[in-house]
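**Q** the following comprises the amino acid sequence and a computationally predicted model.
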Amino acid sequence: MNQDHLLDELAGLAVEAPAGLLDRIAARWTVLPSPIGELSVAWTGQGVAYVHHGDGFAAAFRSRFGRPLVAAARSPAGLGPALRTGRLSGLPPDLGGLGGFQRDVLRAVQEIPRGEVRPYAWIAARAGRPTAVRAVGTALARNPVPLLIPCHRVTRSDGVVGEYVFGAAAKERLLLAEGVDLGRLGGLAKERVFYLASDTTGVVCFPTCHNARRITAAHRHGFRTLDAARTAGYRPCRTCRPDALAG
(Lines give C-alpha, C1' and ligand atoms only; values in the text may rest on other atoms or scores of the structure.)
Protein backbone atom coordinates (compact mmCIF):
# COMPACT_ATOMS: atom_id res chain seq x y z
CA MET A 1 0.00 0.00 0.00
CA ASN A 2 1.36 3.43 -0.87
CA GLN A 3 1.96 5.90 1.91
CA ASP A 4 -0.89 8.40 2.29
CA HIS A 5 -0.26 11.87 0.83
CA LEU A 6 -1.22 13.50 4.13
CA LEU A 7 1.40 11.47 5.98
CA ASP A 8 4.02 12.50 3.46
CA GLU A 9 3.14 16.14 4.15
CA LEU A 10 3.39 15.61 7.90
CA ALA A 11 6.79 14.01 7.49
CA GLY A 12 7.99 17.19 5.85
CA LEU A 13 7.07 19.47 8.74
CA ALA A 14 9.93 21.68 9.92
CA VAL A 15 9.06 21.07 13.56
CA GLU A 16 8.28 17.84 15.34
CA ALA A 17 4.57 17.07 15.50
CA PRO A 18 2.90 17.06 18.95
CA ALA A 19 2.85 13.71 20.72
CA GLY A 20 -0.17 11.68 19.75
CA LEU A 21 -1.02 13.73 16.67
CA LEU A 22 -0.57 10.82 14.30
CA ASP A 23 -2.96 8.63 16.29
CA ARG A 24 -5.58 11.38 16.18
CA ILE A 25 -5.56 11.76 12.41
CA ALA A 26 -4.58 8.32 11.14
CA ALA A 27 -5.60 4.72 11.70
CA ARG A 28 -3.21 1.82 11.96
CA TRP A 29 -3.81 -1.39 10.06
CA THR A 30 -2.60 -4.91 9.51
CA VAL A 31 -3.64 -8.22 7.92
CA LEU A 32 -4.73 -11.09 10.13
CA PRO A 33 -6.06 -14.62 9.57
CA SER A 34 -9.69 -15.50 10.25
CA PRO A 35 -12.08 -18.43 9.70
CA ILE A 36 -12.93 -17.00 6.25
CA GLY A 37 -9.39 -16.11 5.19
CA GLU A 38 -7.18 -13.07 5.61
CA LEU A 39 -8.80 -9.85 6.79
CA SER A 40 -7.50 -6.30 6.67
CA VAL A 41 -8.16 -4.59 10.00
CA ALA A 42 -7.81 -0.92 10.96
CA TRP A 43 -7.92 0.54 14.45
CA THR A 44 -7.72 3.91 16.19
CA GLY A 45 -7.07 5.04 19.73
CA GLN A 46 -10.77 4.36 20.44
CA GLY A 47 -10.75 0.75 19.25
CA VAL A 48 -11.11 -1.42 16.15
CA ALA A 49 -12.68 0.70 13.41
CA TYR A 50 -12.86 -1.47 10.27
CA VAL A 51 -12.66 -5.10 9.20
CA HIS A 52 -12.44 -5.79 5.46
CA HIS A 53 -12.37 -8.98 3.41
CA GLY A 54 -10.91 -9.05 -0.10
CA ASP A 55 -9.36 -6.36 -2.27
CA GLY A 56 -9.86 -2.62 -2.09
CA PHE A 57 -9.32 -2.20 1.65
CA ALA A 58 -7.48 1.14 1.54
CA ALA A 59 -9.92 2.79 -0.87
CA ALA A 60 -12.94 1.51 1.04
CA PHE A 61 -11.52 2.71 4.35
CA ARG A 62 -10.65 6.19 3.09
CA SER A 63 -14.02 6.58 1.38
CA ARG A 64 -15.85 5.67 4.57
CA PHE A 65 -13.74 7.28 7.26
CA GLY A 66 -11.64 9.95 5.52
CA ARG A 67 -8.53 9.01 7.50
CA PRO A 68 -5.07 8.07 6.28
CA LEU A 69 -3.67 4.63 7.10
CA VAL A 70 -0.37 3.64 8.66
CA ALA A 71 0.89 0.05 8.53
CA ALA A 72 1.40 -1.33 12.04
CA ALA A 73 4.25 -3.53 13.21
CA ARG A 74 1.85 -5.49 15.42
CA SER A 75 -1.85 -5.66 16.13
CA PRO A 76 -3.56 -4.83 19.45
CA ALA A 77 -3.43 -7.62 22.02
CA GLY A 78 -6.35 -9.99 21.61
CA LEU A 79 -7.34 -8.92 18.09
CA GLY A 80 -6.30 -12.18 16.42
CA PRO A 81 -8.21 -14.41 18.87
CA ALA A 82 -11.22 -12.07 18.67
CA LEU A 83 -11.41 -12.52 14.89
CA ARG A 84 -11.25 -16.29 15.32
CA THR A 85 -13.79 -16.59 18.11
CA GLY A 86 -16.01 -13.51 17.88
CA ARG A 87 -15.28 -12.75 21.53
CA LEU A 88 -13.99 -9.22 22.07
CA SER A 89 -12.55 -9.87 25.56
CA GLY A 90 -12.24 -6.18 26.39
CA LEU A 91 -11.15 -5.12 22.90
CA PRO A 92 -13.57 -2.30 22.04
CA PRO A 93 -14.97 -1.50 18.59
CA ASP A 94 -14.74 2.13 17.53
CA LEU A 95 -18.35 2.98 16.63
CA GLY A 96 -18.03 6.72 17.07
CA GLY A 97 -19.02 7.57 13.51
CA LEU A 98 -22.29 5.63 13.55
CA GLY A 99 -25.81 6.89 14.10
CA GLY A 100 -27.80 6.03 17.21
CA PHE A 101 -30.01 3.40 15.60
CA GLN A 102 -27.09 1.57 14.03
CA ARG A 103 -25.25 1.52 17.36
CA ASP A 104 -28.37 0.11 19.02
CA VAL A 105 -28.60 -2.57 16.34
CA LEU A 106 -24.97 -3.57 16.76
CA ARG A 107 -25.30 -3.67 20.55
CA ALA A 108 -28.26 -6.04 20.14
CA VAL A 109 -26.18 -8.25 17.83
CA GLN A 110 -23.51 -8.49 20.53
CA GLU A 111 -26.07 -10.20 22.78
CA ILE A 112 -26.21 -13.27 20.51
CA PRO A 113 -23.99 -16.04 21.91
CA ARG A 114 -21.54 -17.94 19.77
CA GLY A 115 -23.24 -20.90 18.08
CA GLU A 116 -26.71 -19.31 18.14
CA VAL A 117 -28.76 -17.20 15.72
CA ARG A 118 -31.60 -14.70 16.05
CA PRO A 119 -34.01 -13.32 13.44
CA TYR A 120 -33.81 -9.79 12.11
CA ALA A 121 -37.10 -8.99 13.86
CA TRP A 122 -35.55 -9.89 17.24
CA ILE A 123 -32.72 -7.43 16.61
CA ALA A 124 -35.24 -4.73 15.65
CA ALA A 125 -37.15 -5.30 18.89
CA ARG A 126 -34.01 -5.28 21.03
CA ALA A 127 -32.91 -2.05 19.31
CA GLY A 128 -36.19 -0.43 20.33
CA ARG A 129 -37.79 -0.28 16.87
CA PRO A 130 -39.73 -3.53 16.41
CA THR A 131 -41.19 -2.53 13.03
CA ALA A 132 -37.82 -1.53 11.53
CA VAL A 133 -36.81 -4.98 10.28
CA ARG A 134 -35.70 -3.72 6.86
CA ALA A 135 -33.69 -0.94 8.48
CA VAL A 136 -31.93 -3.54 10.62
CA GLY A 137 -30.76 -5.29 7.46
CA THR A 138 -29.38 -2.00 6.15
CA ALA A 139 -27.61 -1.31 9.45
CA LEU A 140 -26.03 -4.76 9.46
CA ALA A 141 -24.82 -4.31 5.90
CA ARG A 142 -22.96 -1.24 7.17
CA ASN A 143 -21.41 -3.02 10.17
CA PRO A 144 -17.81 -1.75 10.12
CA VAL A 145 -16.42 -4.61 12.20
CA PRO A 146 -17.90 -7.95 11.07
CA LEU A 147 -16.80 -11.01 13.08
CA LEU A 148 -16.04 -8.75 16.05
CA ILE A 149 -19.69 -7.70 16.12
CA PRO A 150 -21.15 -10.97 14.83
CA CYS A 151 -23.85 -9.91 12.37
CA HIS A 152 -23.45 -13.34 10.72
CA ARG A 153 -25.57 -14.64 13.63
CA VAL A 154 -28.64 -12.76 12.39
CA THR A 155 -30.83 -14.79 10.01
CA ARG A 156 -34.20 -14.52 8.34
CA SER A 157 -37.28 -15.58 10.30
CA ASP A 158 -38.13 -18.19 7.64
CA GLY A 159 -34.97 -20.15 8.42
CA VAL A 160 -32.96 -18.87 5.44
CA VAL A 161 -29.46 -17.74 6.37
CA GLY A 162 -29.86 -14.46 4.49
CA GLU A 163 -27.39 -11.89 3.24
CA TYR A 164 -24.05 -10.93 4.75
CA VAL A 165 -21.54 -8.15 4.22
CA PHE A 166 -18.90 -10.73 3.15
CA GLY A 167 -21.35 -12.91 1.20
CA ALA A 168 -23.74 -15.74 2.05
CA ALA A 169 -21.07 -18.44 1.66
CA ALA A 170 -18.87 -16.75 4.27
CA LYS A 171 -21.87 -16.43 6.59
CA GLU A 172 -22.64 -20.14 6.33
CA ARG A 173 -18.99 -20.99 6.89
CA LEU A 174 -18.84 -18.90 10.05
CA LEU A 175 -22.05 -20.36 11.46
CA LEU A 176 -20.99 -23.93 10.73
CA ALA A 177 -17.62 -23.26 12.39
CA GLU A 178 -19.50 -22.11 15.49
CA GLY A 179 -21.54 -25.31 15.59
CA VAL A 180 -24.85 -24.06 14.17
CA ASP A 181 -26.70 -26.97 12.53
CA LEU A 182 -27.94 -25.19 9.40
CA GLY A 183 -29.45 -28.39 7.98
CA ARG A 184 -31.58 -28.88 11.09
CA LEU A 185 -32.66 -25.24 11.06
CA GLY A 186 -33.68 -25.53 7.45
CA GLY A 187 -35.60 -28.74 8.15
CA LEU A 188 -37.49 -27.15 11.03
CA ALA A 189 -38.31 -24.13 8.88
CA LYS A 190 -39.78 -26.35 6.17
CA GLU A 191 -42.07 -27.79 8.83
CA ARG A 192 -42.91 -24.22 9.92
CA VAL A 193 -41.28 -24.77 13.30
CA PHE A 194 -39.52 -21.68 14.63
CA TYR A 195 -39.67 -22.35 18.38
CA LEU A 196 -38.87 -25.45 20.43
CA ALA A 197 -40.33 -26.20 23.85
CA SER A 198 -39.58 -28.74 26.57
CA ASP A 199 -42.44 -30.38 28.45
CA THR A 200 -40.07 -31.07 31.34
CA THR A 201 -39.08 -27.44 31.95
CA GLY A 202 -42.15 -25.72 30.48
CA VAL A 203 -39.86 -23.36 28.56
CA VAL A 204 -39.93 -22.39 24.87
CA CYS A 205 -36.78 -21.23 23.05
CA PHE A 206 -35.34 -20.32 19.71
CA PRO A 207 -34.04 -23.56 18.15
CA THR A 208 -30.33 -22.69 18.47
CA CYS A 209 -30.55 -21.65 22.14
CA HIS A 210 -28.26 -23.84 24.24
CA ASN A 211 -31.28 -24.75 26.38
CA ALA A 212 -33.22 -25.93 23.31
CA ARG A 213 -30.32 -28.09 22.17
CA ARG A 214 -30.58 -30.08 25.42
CA ILE A 215 -34.22 -31.07 24.88
CA THR A 216 -34.54 -34.78 24.11
CA ALA A 217 -36.80 -35.90 21.27
CA ALA A 218 -39.36 -37.43 23.63
CA HIS A 219 -39.91 -34.10 25.40
CA ARG A 220 -39.50 -31.70 22.46
CA HIS A 221 -42.44 -29.81 20.94
CA GLY A 222 -42.29 -27.45 17.99
CA PHE A 223 -44.34 -24.33 17.40
CA ARG A 224 -44.76 -21.92 14.54
CA THR A 225 -45.41 -18.90 16.78
CA LEU A 226 -44.60 -17.86 20.30
CA ASP A 227 -48.29 -17.22 20.94
CA ALA A 228 -49.06 -20.84 20.09
CA ALA A 229 -46.43 -22.01 22.56
CA ARG A 230 -47.81 -19.74 25.26
CA THR A 231 -51.33 -20.98 24.61
CA ALA A 232 -49.99 -24.51 25.12
CA GLY A 233 -48.67 -23.46 28.52
CA TYR A 234 -45.00 -22.71 27.82
CA ARG A 235 -43.14 -19.65 29.08
CA PRO A 236 -40.42 -17.87 27.08
CA CYS A 237 -36.80 -18.74 27.80
CA ARG A 238 -35.06 -16.10 29.89
CA THR A 239 -31.77 -16.79 28.10
CA CYS A 240 -32.62 -16.45 24.40
CA ARG A 241 -35.59 -14.10 25.02
CA PRO A 242 -37.99 -15.06 22.22
CA ASP A 243 -40.53 -12.76 23.87
CA ALA A 244 -38.45 -9.77 22.73
CA LEU A 245 -40.29 -10.11 19.43
CA ALA A 246 -43.47 -9.12 21.22
CA GLY A 247 -41.84 -5.81 22.14
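**A** Thanks, I have the structure now.

**Q** where does this structure have low pLDDT?
**A** Applying pLDDT under 70 to the chain picks out residues 1-24, 246-247.

**Q** so which residues of it form helices?
**A** 5-11, 21-25, 57-65, 79-85, 100-109, 120-126, 133-141, 168-177, 182-190, 226-231 (DSSP state H).

**Q** quick one, the fifth one and helix 133-141 angle?
**A** It stands for helix 100-109. 80 degrees (axes from the mean of the first three to the mean of the last three C-alpha atoms, to 10 degrees).

**Q** what residues does helix 100-109 touch?
**A** 93, 95, 98, 122-124, 126-129, 132, 135-136, 139-140, 142-143, 149-151, 153-154 (C-beta atoms under 8 Å, 6 or more residues apart in numbering). For the C-beta atoms, the positions are set from N, CA and C on the backbone; glycine is no exception.

**Q** kindly recompute the last result at 7 Å.
**A** By C-beta atoms under 7 Å, 6 or more residues apart in numbering, the residues outside helix 100-109 that reach it are 95, 123, 126-129, 135-136, 139-140, 142-143, 149-151, 153-154.

**Q** now that helix: how far from the chain's centre is it?
**A** Put simply, helix 100-109 sits 10 Å off its chain's centre (C-alpha atoms, centre = their mean, to the nearest Å).

**Q** buried ones in it?
**A** Using 16 or more other C-beta atoms under 10 Å as the test for burial, helix 100-109 gives 101-102, 104-106, 108-109.

**Q** ok, the fourth one next?
**A** Buried positions in helix 79-85, judged by neighbour count with 16+ other C-beta under 10 Å: 79, 82-83.

**Q** got the contact list for the residue nearest to the spatial centre of the chain?
**A** Centroid-nearest residue in the chain: Pro150, 2.0 Å away (criterion: C-alpha atoms, centre = their mean). Contact analysis of Pro150 by C-beta under 7 Å, 6+ apart lists 86, 109, 112.

**Q** and what of Gly186?
**A** Gly159.

**Q** again with the one 3 residues further on
**A** The contact partners of Ala189, by C-beta under 7 Å, 6+ apart, come to 158-159.

**Q** apply 8 Å and report the result again.
**A** Per C-beta under 8 Å, 6+ apart, neighbours of Ala189: 158-160.

**Q** so what's the residue count around Pro130?
**A** 16 (other C-beta atoms under 10 Å).

**Q** isn't it right up against Ala121?
**A** Yes: between Pro130 and Ala121 there is a contact under C-beta atoms under 8 Å: 7.2 Å.
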